[in-house]
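J.: Attaching a predicted model along with its sequence, questions to come.
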Amino acid sequence: MDKSNKTLALIQIGLIYLVSVAIAIASSFLLDFDNEMFMVLFVDVVATIYVFAFSYITKNSSVYDPYWSVIPFLIVTYLIIVNPEGNLARQLVLAFLILSWSMRLTANWARGWAGFKHQDWRYSKLSKDTGAFYWLVSFLGIHMFPTILVFMGCIPLFFLIPSSEPLHFPEVLAVLVTILAVLIEWISDEQLIRFKKKAKKGQYLNTGLWGIVRHPNYFGEILFWLGLFLFIPASGMTEHILFSSFGFILMVLLFSFISIPMMKKRHLSRREGYENYANKVPGLFPYKLNLFNPKNQSN
């Protein structure tokens, strides 16, 4: 795909998102919300429905892919605007962390996206497996489920942004965890991109961060949502710990029992030697101290 066509496709995706979010926000004025969280959830769900409509029109569920990384920054921006009484330092720190994560993830998606003719292999597999029910599965599983999941991951923001309490020293730990998460995701992505440029068919990356854990990008993602959650106990809001932890816990379950097993099954069928790598290197959490660093990056 040439650069001009890709640029046009990216512009079209941007317009789709602008229209979807604008219509969702306009729709929220038709209802009287007394609760910020419910209002944001409503806008989030309506915007997802409109993005799904464009996925259906283009016959490509990957239209939804950047939604995951775009919405959290919109949520934190809105909360800061409507909560001017909140502690500005905490608000700016959270906005910076989320913006850094969002820009990295969105940029990485944009680099790998090949236009409307490209669809994530997992969606294509679901289409083949579910047949006539695919678009229902796409709406519920590919679009709406991740929207709810990310919203739940953002729940700590609804307590942190309005707080006028000064920053607590333990919040430094939450900042460091979140920054580390973004760095791990960025480094693992760059290592994978460089590897793919020279890799031959059937090879897989098993050095660098990928020699410590099989999915360092997933580990970084988990760490990011953990970092956001850690702001709750670190800021002394212990009464919100349970509710704020749901999103992070569900993220762990998603990657552990859906994403990683699906990836492992695919790699085992396509990459010779991957089973040995999978047996020696943890899938998500780097709990083993020994590093798997073979001479060859081939399967």
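T.: Looks like it arrived, so ask away.
J.: Quick one: the helices in the protein, in order.
T.: Taking DSSP state H, the helices of the chain run over residues 3-28, 36-58, 67-82, 88-112, 121-130, 134-137, 145-153, 155-160, 171-198, 216-234, 241-254, 260-270, 274-280.
J.: could I get these as JSON lines with mean neighbour count and distance to residue 210?
T.: Any C-beta I mention is one placed from the backbone N, CA and C, and that applies to glycine too. Formatted as JSON lines, the helices of the chain follow (neighbours: other CB atoms under 10 Å; distance: least, CB to CB, whole Å):
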{"stretch": "helix 3-28", "mean neighbour count": "14", "distance to residue 210": "27"}
{"stretch": "helix 36-58", "mean neighbour count": "18", "distance to residue 210": "31"}
{"stretch": "helix 67-82", "mean neighbour count": "19", "distance to residue 210": "22"}
{"stretch": "helix 88-112", "mean neighbour count": "17", "distance to residue 210": "15"}
{"stretch": "helix 121-130", "mean neighbour count": "14", "distance to residue 210": "19"}
{"stretch": "helix 134-137", "mean neighbour count": "15", "distance to residue 210": "30"}
{"stretch": "helix 145-153", "mean neighbour count": "19", "distance to residue 210": "24"}
{"stretch": "helix 155-160", "mean neighbour count": "22", "distance to residue 210": "30"}
{"stretch": "helix 171-198", "mean neighbour count": "17", "distance to residue 210": "6"}
{"stretch": "helix 216-234", "mean neighbour count": "23", "distance to residue 210": "6"}
{"stretch": "helix 241-254", "mean neighbour count": "16", "distance to residue 210": "20"}
{"stretch": "helix 260-270", "mean neighbour count": "14", "distance to residue 210": "12"}
{"stretch": "helix 274-280", "mean neighbour count": "15", "distance to residue 210": "9"}
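J.: what's the closest of those helices to residue 206?
T.: Nearest to residue 206, of all the helices of the chain, is helix 274-280, at 5.4 Å by CB to CB.
J.: ok, back up a step: select, out of the helices of the chain, the one closest to residue 286.
T.: It's helix 216-234; of these, that one is closest to residue 286 (CB to CB) at 6.9 Å.
J.: Of the helices of the chain, which is nearest residue 287?
T.: Across the helices of the chain, closest to residue 287 is helix 216-234 (CB to CB), at 10.8 Å.
J.: now the angle from the closest one to helix 67-82?
T.: For helix 216-234 against helix 67-82, the angle by axes from the mean of the first three to the mean of the last three CA atoms, to 10 degrees is 20 degrees.
J.: helices and strands around helix 216-234, which ones?
T.: Applying 3 or more CB pairs under 8 Å, 6 or more residues apart in numbering; DSSP states H and E, we find helix 216-234 packed against helix 88-112, helix 155-160, helix 171-198, helix 241-254.
J.: Residue 146: which of those helices is closest?
T.: In terms of CB to CB, the element of those nearest to residue 146 is helix 241-254, at 8.5 Å.
J.: Using CSV, write out the CA atom coordinates for the closest one.
T.: What follows is helix 241-254, C-alpha atoms only, in CSV (Å, rounded to 0.1, in the frame of the first residue of the first chain):
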residue,chain,number,x,y,z
ILE,A,241,-9.9,0.0,46.0
LEU,A,242,-12.3,-2.8,45.2
PHE,A,243,-14.3,-1.0,42.6
SER,A,244,-11.3,0.5,40.9
SER,A,245,-9.5,-2.9,40.7
PHE,A,246,-12.1,-4.5,38.4
GLY,A,247,-10.7,-3.2,35.2
PHE,A,248,-7.1,-4.2,35.9
ILE,A,249,-8.2,-7.7,37.0
LEU,A,250,-10.3,-8.2,33.9
MET,A,251,-7.3,-7.1,31.7
VAL,A,252,-5.2,-9.8,33.3
LEU,A,253,-7.9,-12.4,32.6
LEU,A,254,-8.3,-11.2,29.0
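J.: I'd like the average pLDDT over it.
T.: Model confidence over helix 241-254, given as mean pLDDT, is 95.
J.: Which strands or helices does it pack on?
T.: helix 145-153, helix 155-160, helix 216-234.
J.: Compute the inter-axis angle for that helix and helix 260-270.
T.: 10 degrees.
J.: what angle sits between helix 241-254 and helix 145-153?
T.: 150 degrees.
J.: Could I get the pLDDT score of residue 175?
T.: Looking at residue 175, the pLDDT reads 98.
J.: Please report how far it lies from residue 240.
T.: For residue 175, the distance to residue 240 (CB to CB, to the nearest Å) stands at 19 Å.
J.: pretty sure residue 37 contacts residue 158?
T.: Yes. In this structure residue 37 lies within contact range of residue 158 using CB atoms under 8 Å: 5.0 Å.
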